[in-house]
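# Sharing a sequence plus its predicted fold:
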Amino acid sequence: MGDDASSYTHTPTRPARLLDVVAGRSAAALASLLAAQPAAFAAGVEVVAMDSFAGYKTAAAQAVPDAVTVMDPFHVVALAGVKLDLTRQRIQLQTLGRRAATPATRSTGSAASPAPACTCSRPASTTA
């Protein structure tokens, strides 16, 4: 599921395939797609893979209540990438006092001010 509601079907004997693409990004769009399927189709649905839009989960839970809803792999990776970027930006802001390179450091490659000393707790190095 993404900008347009799309549905895939999968059976144990063949790989998942696109079932349909419906214009719109709403619970109503997915509900109408599922309602248009034969009753045997809904009874055979075991897993519904979708993005994290709550409307899709609501529509799937109503149309196929016994199915397990999961996030599809594309959206899991996309969400992980967003969270990784936010974490990287937060740590960079905490350690360097800024989220990204300043215009001066982009062109010259040299830091405008030295990075603060590491405040993490690690054992002091010893030399023999």
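All right, it came through fine.
# need the contact list for Val70.
47-50 (CB atoms under 8 Å, 6 or more residues apart in numbering). Where you see a C-beta, it was placed from the backbone N, CA and C, and this is true even at glycine.
# now those residues: which count as buried?
For the contacts of Val70, burial is judged from neighbour counts taken by 16 or more other CB atoms under 10 Å, and it is met by 48-50.
# my guess is Ala49 contacts Val68, does it?
No - proximity of Ala49 to Val68 does not meet the contact threshold set by CB atoms under 8 Å, at 9.6 Å.
# Which secondary structure elements does the longest helix along the chain sit against?
With residue count as the measure and DSSP state H as the assignment, the chain has helix 73-96 as its longest helix. Under the contact definition 3 or more CB pairs under 8 Å, 6 or more residues apart in numbering; DSSP states H and E, helix 73-96 sits against no other helix or strand.
# can you map out the strands along the protein?
Along the chain, counting by DSSP state E, strands occupy 5-11, 14-22, 47-50, 68-71.
# Turn the contacts of Val70 into a markdown table, columns for pLDDT and distance to Ala78.
Putting the contacts of Val70 into a markdown table (pLDDT from 0 to 100; distance: CB to CB, whole Å) gives the following:
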| residue | pLDDT | distance to Ala78 |
| --- | --- | --- |
| Val47 | 83 | 20 |
| Val48 | 83 | 18 |
| Ala49 | 82 | 14 |
| Met50 | 82 | 13 |
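# Turn those into CSV, columns for distance to Ala35.
Compiled in CSV, the contacts of Val70 are given as follows (distance: CB to CB, whole Å):
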residue, distance to Ala35
Val47, 19
Val48, 14
Ala49, 19
Met50, 17
